[in-house]
Structures are given as structure tokens and as C-alpha cells.
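Visitor: missing the sequence, but the structure's below:
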């Protein structure tokens, strides 16, 4: 029985690697050991770059038309929305308002909590932590811990050497 279970787990692992490869194939750059937990949604895949050792949880949505760069060793928790697009709300008719597109950069060693929203044009610095439920509307410096709506820095990480 255990031999069969180990075999089935190996088959499942191979299936997930193939599924991840096929899903990410159209992306601009994909690093090694990227782990995806489906279901997830990426739009504008040709403008998305993902570094090494990245983990993306279920129900993450990335609208990458304006360009999304995710560094190495980044963890993105469930139900996170990353959008490089927004509407120009200065127009009277919102349906036909121009789309504004701005790149998002997530540097190395970032942890993004559950239900986070990252707006266009934001840079999240190396080693930053974004708390669950935060709405990121401006840049977050390296090693900052940001929480809330809108996201505000509450402290900085003390890195153990």
C-alpha cells in the first residue's frame, strides 16, 4: 500500500511540474523552482518576470500588462491581487476612460500576506513584509513591515546574521 501511495505522489508531483511549466510558458522570464498552487490567474503573461524559488498561493490574480517583476525567494499568499492597470477616473464616462499602466516591482525576499492588493506603479523593497489585507498604494522600502489600508510602515525587520 505504501509503495502505491509513494508512486501516486510522484505522479502528482510530475503532473504539477508539467502544469506549472505550461501555465508559465508564455511569461517573459521564469526562474527555477517556482511553485504555483492552482487555481491562479495571470493576464499579460508576456510582461511578467518571476525569479527563483518563488511560491504563489491559490487564488492569486496578476494583471501584468504594464509589467510585473517578482524577485527571488518571494512568497505570495492566497487571494492577493497585483494589478499594473487602472482607469483614468478624471473622465466623465468611466467605461471609456483611458487605461493607465504602470510597472510593479517586487524585490527579493519579500513576503506578501493573504488578501493583499498591490496597485500600479508600486515598488516593494528587498526583504519587506506586507501584512494580510493591506492595500499597497505607494512604494515600500527594504525590510519594512507594512500593514493596513492604505498600507503603512509599522516597523522594520531586524535581520539575524
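Guide: Right, received. Where do you want to start? Computed from a predicted model, the values in this text were never measured in an experiment.

Visitor: which ones are touching the closest residue in space to residue 133 that isn't next to it in sequence?
Guide: Nearest residue to residue 133 in three dimensions, chain neighbours excluded: residue 115, at 4.8 Å (Cβ to Cβ, 6 or more residues apart in numbering). Every residue, glycine included, has its C-beta placed from N, CA and C. Shown in contact with residue 115 (Cβ atoms under 8 Å, 6 or more residues apart in numbering): 77, 78, 79, 80, 132, 133.

Visitor: go again using 10 Å as the cut-off
Guide: Residues in contact with residue 115 (Cβ atoms under 10 Å, 6 or more residues apart in numbering) are 59, 77, 78, 79, 80, 81, 131, 132, 133, 134, 135.

Visitor: Repeat that for residue 29.
Guide: 48, 49, 50, 51, 69, 70.

Visitor: again, 7 Å this time
Guide: Applying Cβ atoms under 7 Å, 6 or more residues apart in numbering to residue 29 gives the contacts 49, 50.

Visitor: likewise residue 80?
Guide: So residue 80 contacts 60, 112, 115, 116 (Cβ under 7 Å, 6+ apart).

Visitor: And residue 46, how far from residue 29?
Guide: Here the criterion is Cβ to Cβ, to the nearest Å. By it, residue 46 lies 10 Å from residue 29.
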